[in-house]
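1. Kindly return the folded structure for what I paste below:
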Amino acid sequence: MLTKKQHTLLVYIQDYFLGTGVCPSYEEMKVALNLKSKSGIHRLISNLEDRGYVRRLPNRARALEVLKSPDNKQQEQPAGKIEGQYSNNVVSLKNGTRNTDTVNLPLYGKIAAGTPLEAISNPGQNIPIPGNMVGNGEHYLLEVDGDSMIEAGIHDGDTILIEQCDSASIGEIVVALIDNDEVTLKKLMSKGERIALEPANKSFQTQIYSPDRVVIQGRLAGLLRSY
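-> Alright, predicted model coming up:
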């Protein structure tokens with residue numbers, strides 16, 4: 001039986017993962033549970049790990065695998081299922097194996113998870129990905145260049161699935177076009193009336209812009225990682 005805080009954290013991790021395709025950072029978990037320090041999160045995760053609910057993934061910054069869902073008696077509704085290391089919108093392409101039901105999506109090139117890169121507008125090759133990763137609307141793929149989003153589970157060299165859109169909610173990870181010239185992958189936040197593009201790496205600074213300088217070109221919908 002989980003304690004209330006253990007259950008709350010486990011549900012939060014699952015919901016965040018299913019909604020964004022990446023694990024929440026320890027800072028985000030701390031805020032979600034209204035704790036004063038991240039040491040409390042470390043203890044809760046250790047307790048969940050001891051009980052067989054989660055597993056820390058080696059050599060990955062703050063990456064977790066959910067092994068089983070919370071006790072149904074404690075849940076208001078069933079938590080989304082995460083099979084193995086990845087959910088339906090985070091897929092391992094280990095040894096080149098892919099879901100037989102695939103769709104081909106254009107790979108538009110690299111996007112900076114660091115300093116903004118020059119905008120890429122022409123698609124390169126088409127990449128087959130599992131069809132169950134793609135929802136409604138238009139989607140495309142980008143290759144991550146840099147490690148400014150590593151604490152959100154997004155690594156240099158990962159391929160990300162982007163849902164094309166021109167608006168997003170605060171807290172979502174987005175593709176942002178800056179000054180109609182450069183693109184970057186960051187978390188969308190606000191600072192007063194200005195837009196804040198926030199990294200998930202303490203080595204990088206948050207970028208602040210007036211709204212007229214930023215155009216949202218898509219939101220993160222999934223992640224593919226090759227080994």
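2. Can you name the next helix or strand after the helix or strand that contains residue 49?
-> Here residue 49, judged by DSSP states H and E, is contained in helix 38-50. Downstream of helix 38-50, the next assigned helix or strand under DSSP H and E is strand 54-56.
3. what does stretch 24-43 contact?
-> With CB atoms under 8 Å, 6 or more residues apart in numbering as the test, stretch 24-43 has contacts from 5, 8-9, 12-13, 16-17, 44, 62, 151-152, 200. Just so you know, the C-beta spots here come from the backbone N, C-alpha and C atoms, and that holds for glycine as well.
4. of the residues you listed, the lowest pLDDT goes to which?
-> On pLDDT alone, residue 62 ranks lowest of the contacts of stretch 24-43, at 56.
5. From residue 168, how far off is the residue most central in space within the chain?
-> The chain has residue 22 as the residue nearest its centroid, 3.2 Å off, counting by CA atoms, centre = their mean. To residue 168, residue 22 is 15 Å away according to CB to CB, to the nearest Å.
6. Using the record's assignment, carve this protein into domains.
-> Annotated domains of the chain cover 4-87, 92-225 [automatic domain parsing].
7. So which elements touch the top helix by length along the chain?
-> If you go by DSSP state H, the chain has its longest helix at helix 4-20. With contacts defined as 3 or more CB pairs under 8 Å, 6 or more residues apart in numbering; DSSP states H and E, helix 4-20 has these neighbours: helix 26-32, helix 38-50, strand 64-66.
8. Sheet partners, orientation included, of the last one?
-> Read that as strand 64-66. Here strand 64-66 is paired, per DSSP bridges, with strand 54-56 (antiparallel).
9. Next, the buried residues of stretch 28-43.
-> Neighbour counts over stretch 28-43 (16 or more other CB atoms under 10 Å) mark 28-30, 32, 35, 40-41 as buried.
10. what two of the residues you listed have the greatest distance between them?
-> 28 and 40 (13.5 Å; CB to CB).
11. Tell me, how many residues neighbour residue 5?
-> 16 (other CB atoms under 10 Å).
12. Please apply the same query to residue 4.
-> Residue 4: 8 neighbours (other CB under 10 Å).
13. Residue 219 too?
-> Counted with other CB under 10 Å, residues neighbouring residue 219 total 18.
14. Check the contact between it and residue 162; I expect there is one.
-> Yes. Between residue 219 and residue 162 there is a contact at 6.9 Å, judged by CB atoms under 8 Å.
15. shared neighbours of those two, which are they?
-> residue 175.
16. Name whatever forms a beta bridge with residue 104.
-> With DSSP bridges applied, residue 104 shows beta-bridge pairing to residue 128.
17. between the buried residues of stretch 28-43, which is nearest residue 215?
-> Out of the buried residues of stretch 28-43, the member with the shortest distance to residue 215 (by CB to CB) is residue 28, at 25.8 Å.
18. just to revisit the earlier point, buried only: go through the contacts of stretch 24-43 for me.
-> Buried members of these, scored by 16+ other CB under 10 Å, are 5, 8-9, 13, 16-17, 44, 62, 151-152, 200.
19. so residue 184, which of the three states?
-> What DSSP: H, G, I helix; E, B strand; the rest coil gives for residue 184 is strand.
20. check contacts around the residue lying closest to residue 157 once chain neighbours are set aside.
-> Excluding its sequence neighbours, the residue lying closest to residue 157 (CB to CB, 6 or more residues apart in numbering) is residue 144, at 6.5 Å. Contact analysis of residue 144 by CB under 8 Å, 6+ apart lists 110-111, 113, 154-160, 185.
21. redo that, cut-off 6 Å
-> For residue 144, the contact set (CB atoms under 6 Å, 6 or more residues apart in numbering) comprises 113, 154, 158.
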